[in-house]
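Participant: Okay, structure incoming, though there's no sequence with it:
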Ligand code: SER
């Protein structure tokens, strides 16, 4: 019997989109979506859905055997900004959740794992521009510390126990279908919604804060393609750098202003500024390109145009269904 795929944290920003993409590819019934809370989202309910707390090892194991799971995408985590508010819980969730899944693979109960890392593995001592795959890594956030430790554990389980775990260091992810939850890069999603809804946005980062970003379509394609790549092409078992585009709040504000002339932006930096300042501005992803053929398809212009068009479309559809 063919094994199935489990997505843990399916209600999150990446989870919803990955569930949709994998169900389209594999068939709705072969992709089990799960989250810590029950859902009413029709996309997630278009196939099997389970409530799983990734810290609950027994339930996790039962669901894996109930659905004959072969591959696990572990997306449940606290992101950078939320993690700073609750460092102890963030560490426990981000690390123990990973251990529970790595242990399932070590015990041969599952065969392949995707685990997301982040640009947060880098810190203020890392070269900021075109940050290399291998470089100084001294993260200063609890989120970054958990991602760097997690990368090392993934590489360790691969080395010692032959666990097939694959990972990407996601930049800030920008999508129109789902909302981000608790990250430092969230402004770059909110800004498009606010521009269309109210014509103004108050940004929590300074105008010249340049960060690596990526359109969600690119991120989902990267995720599925690293998982489909032949095992021997995956040379990095910690996490791969992947690059999309880099921009500052004022750069996307000007692009938005070309479309919405009256759009105005103000800046009120908060605690997230320090997190952003500790991260790279741009990423060198030549290792991912060489090993499994990664290449981004969205530059900043295309990303902005897509966000504006798709959010408008979504709003028009909502109005239509309510009229
Ligand atoms: N987008 C994430 C965050 O801001 C980075 O991995 O936390």
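Facilitator: That came through fine. In this text, all values refer to a predicted model and were calculated from it rather than measured experimentally.
Participant: My read is that residue 175 contacts residue 13, right?
Facilitator: Yes: counting by CB atoms under 8 Å, residue 13 is a contact partner of residue 175 at 6.7 Å. In this view, the C-beta of every residue, glycine as well, is placed from N, C-alpha and C.
Participant: what mean pLDDT does stretch 245-259 have?
Facilitator: For stretch 245-259, the mean per-residue pLDDT is 98.
Participant: Begin at 837 from now on, thanks
Facilitator: Okay, residue one is now 837; in that scheme the one you just asked about reads as stretch 1081-1095.
Participant: Could you pull out the buried residues of that stretch?
Facilitator: Across stretch 1081-1095, burial judged by 16 or more other CB atoms under 10 Å covers 1081-1089, 1091-1092.
Participant: For that stretch, give me every contacting residue.
Facilitator: 1023-1024, 1027-1028, 1031, 1037, 1039, 1041-1050, 1099, 1101, 1103, 1117-1119, 1132, 1134-1137, 1139-1140, 1144 (CB atoms under 8 Å, 6 or more residues apart in numbering).
Participant: Buried ones only from those, please, as a PyMOL command.
Facilitator: A single PyMOL command selects the buried members of the contacts of stretch 1081-1095 (16+ other CB under 10 Å):
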select buried, resi 1023+1024+1027+1028+1031+1037+1039+1041+1045+1046+1047+1048+1049+1050+1099+1101+1103+1117+1118+1119+1132+1134+1136+1139+1140+1144
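Participant: In strands, which of the contacts of stretch 1081-1095 fall?
Facilitator: Within the contacts of stretch 1081-1095, residues falling in strands by DSSP state E are 1037, 1039, 1047-1050, 1101, 1103.
Participant: Tell me which two of these sit farthest apart.
Facilitator: 1050 and 1103 (23.1 Å; CB to CB).
Participant: re earlier: quick check: the two most widely separated of the buried residues of stretch 1081-1095?
Facilitator: 1082 and 1092 (17.0 Å).
Participant: Tell me the gap between stretch 915-934 and the middle of its chain.
Facilitator: 15 Å (CA atoms, centre = their mean, to the nearest Å).
Participant: Equivalent analysis for stretch 876-883, please.
Facilitator: On CA atoms, centre = their mean, the centre of stretch 876-883 falls 20 Å from that of its chain.
Participant: Name the residues of it that are buried.
Facilitator: In stretch 876-883, counting by 16+ other CB under 10 Å, buried: 877, 879-880, 883.
Participant: what's it in contact with?
Facilitator: 846-847, 852, 855-856, 859, 864-869, 871, 875.
Participant: which residue does the stretch 1037-1159 of the chain bring closest to the ligand?
Facilitator: In the stretch 1037-1159 of the chain, the residue that lies nearest the ligand is residue 1111 (7.4 Å; CB to the nearest ligand atom).
Participant: is it true that that residue touches residue 915?
Facilitator: No: if you go by CB under 8 Å, residue 1111 and residue 915 don't touch, sitting 10.1 Å apart.
Participant: Mind telling me which residue of the protein is nearest the ligand?
Facilitator: residue 1019 (2.7 Å).
Participant: That residue belongs to a helix?
Facilitator: No: counting by DSSP: H, G, I helix; E, B strand; the rest coil, residue 1019 is not found in a helix; it is coil.
Participant: mind listing the strands for this structure?
Facilitator: Going by DSSP E, the chain shows strands at 840-844, 867-871, 885-887, 905-910, 948-954, 1001-1006, 1008-1010, 1036-1039, 1047-1051, 1076-1077, 1081-1083, 1100-1103.
Participant: that older thread, common neighbours of residue 1111 and residue 915, please.
Facilitator: With CB under 8 Å, 6+ apart as the test, residue 1111 and residue 915 both reach residue 1020.
Participant: quick one: low-confidence parts of the stretch 1037-1159 of the chain?
Facilitator: 1159 (pLDDT under 70).
Participant: Tell me which stretches of it form helices.
Facilitator: 1052-1064, 1085-1095, 1108-1113, 1122-1128, 1136-1158 (DSSP state H, counting those that start in this stretch).
Participant: Please state the offset of the third one from the chain centre?
Facilitator: Here the centre of helix 1108-1113 is set off from its chain's centre by 18 Å, with CA atoms, centre = their mean.
Participant: which parts of it are buried?
Facilitator: 1108-1109, 1111-1113.
Participant: picking that back up, let's have the strands of the chain in TSV, adding distance to the ligand.
Facilitator: Compiled in TSV, the strands of the chain are given as follows (distance: least, CB to the nearest ligand atom, whole Å):
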stretch	distance to the ligand
strand 840-844	17
strand 867-871	18
strand 885-887	25
strand 905-910	15
strand 948-954	3
strand 1001-1006	5
strand 1008-1010	4
strand 1036-1039	14
strand 1047-1051	8
strand 1076-1077	13
strand 1081-1083	14
strand 1100-1103	18
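Participant: The residue of the chain closest to the ligand is in contact with residue 1008, isn't it?
Facilitator: Yes: because the distance of 6.8 Å satisfies CB under 8 Å, residue 1019 is recorded as touching residue 1008.
Participant: How about the residues of the stretch 937-1086 of the chain by the ligand?
Facilitator: 954-956, 979, 1006, 1008, 1019-1021 (CB under 6 Å from any ligand atom).
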